[in-house]
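Peer 1: Build me a structure from this.
(one chain, ligands or ions: 1)
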Amino acid sequence: MSDPILRLAGITKGYNHGLPNEVTVLRGIDLSVAAGEVVALVAPSGAGKSTLLHIAGLLDTPDAGTVEIAGRDLSRARDRTRTQVRRADVGFIYQFHHLLPEFTATENIVLPQLANGTPRAAAETRARDLLESVGVGPRAGHRPAALSGGEQQRVAFCRALANQPRLLLADEPTGNLDPATSDTVFDALMALVRGTGLSAVIATHNLDLAARMDRQIRLDQGHLTSP
Ligand SMILES: Nc1ncnc2c1ncn2[C@@H]1O[C@H](COP(=O)(O)OP(=O)(O)OP(=O)(O)O)[C@@H](O)[C@H]1O
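Peer 2: Just a heads-up that it's a prediction; the model follows:
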């Protein structure tokens, strides 16, 4: 069997070490995500979802444990290597779109590709195709402020997938939208993910959305459990 796309082993993480308000957030997390697998991460607020996603996506380092992406142990890799792998292999989506306000939807998807060495013409074609696939093609030339919340979030999905990552990490990707919009925008996200066959960990409070993924895991008191 091929290596999992993401493998976390024995991850622990705490904040404020040595201070009276020291908090241990993750207490020995083991998680493997196979190629093409979409995992729902369900947790109460403050349980450490964001901390776990940041460690998995190489934005933060654990106090102990290993993080492997596509079979490569990056826990103790140099910052430069971690940044390279993160740019090439990991896509992030947050609750808020974090698009660059002064650039159009297309440019927001082109820029990370240019940073990754893709020629402009190819980057623009990919941006157009991605925007078409989530139904935002006609709005491609607009800046974020001229888009609806659902459209902004769809553009953010396209940006996350711009460099064809192996792993998508999403932190409440529809948490900022009203329930009806959330459902259709989530449909667009799942179509993108399933269409590309990439692996994903998607944090959500919404149990109906979680039920549509391949597997659910719960983070509680620093430990992962299956419901
Ligand atoms: N930089 C930090 N310094 C100190 N404590 C932190 C830091 N980052 C997070 N924490 C604490 O760690 C715990 C987990 O935070 P985290 O943001 O990972 O939770 P979460 O599950 O994503 O929460 P939410 O669903 O509310 O966004 C919280 O108690 C938080 O206050």
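Peer 1: who touches the residue positioned nearest the centre of the chain in this structure?
Peer 2: For the chain, the residue sitting closest to the mean C-alpha position, by CA atoms, centre = their mean, is Leu169 at 2.0 Å. Neighbouring residues of Leu169 by CB atoms under 8 Å, 6 or more residues apart in numbering: 53, 56-57, 90-93, 200-201. Every residue, glycine included, has its C-beta placed from N, CA and C.
Peer 1: Who is it paired with across the strands?
Peer 2: Leu169 has the following beta-bridge partners by DSSP bridges: Phe92, Val201.
Peer 1: picking that back up, quick check: the farthest pair among the contacts of Leu169?
Peer 2: The distance between the two most remote of the contacts of Leu169 (CB to CB) is 13.3 Å, for Ala56 and Ile93.
Peer 1: check which helix or strand covers the closest residue to Arg159 other than its chain neighbours.
Peer 2: Spatially, and ignoring its direct neighbours in sequence, Arg159 is nearest to Ile109 (5.0 Å; CB to CB, 6 or more residues apart in numbering). In this structure, Ile109 sits in helix 105-115 according to DSSP states H and E.
Peer 1: how distant is stretch 114-130 from the center of its chain?
Peer 2: The gap between the average C-alpha position of stretch 114-130 and the chain average comes to 20 Å, counting by CA atoms, centre = their mean, to the nearest Å.
Peer 1: Can you name the residues of the chain sitting close to the ligand?
Peer 2: When proximity is defined by CB under 6 Å from any ligand atom, the chain lies next to the ligand at 15-16, 23, 25, 43, 45-51.
Peer 1: what's the lowest-pLDDT member of the residues you listed?
Peer 2: Of all the residues of the chain next to the ligand, Asn16 has the smallest pLDDT value, namely 82.
Peer 1: How many neighbouring residues does that residue have?
Peer 2: Asn16 is flanked by 10 other residues according to other CB atoms under 10 Å.
Peer 1: which residue sits closest to it in space, ignoring its chain neighbours?
Peer 2: Spatially, and ignoring its direct neighbours in sequence, Asn16 is nearest to Glu22 (4.9 Å; CB to CB, 6+ apart).
Peer 1: Pull the contacting residues for that neighbour.
Peer 2: Taking CB under 8 Å, 6+ apart as the contact definition, Glu22 lies against 14-16.
Peer 1: With that, I have no additional questions.
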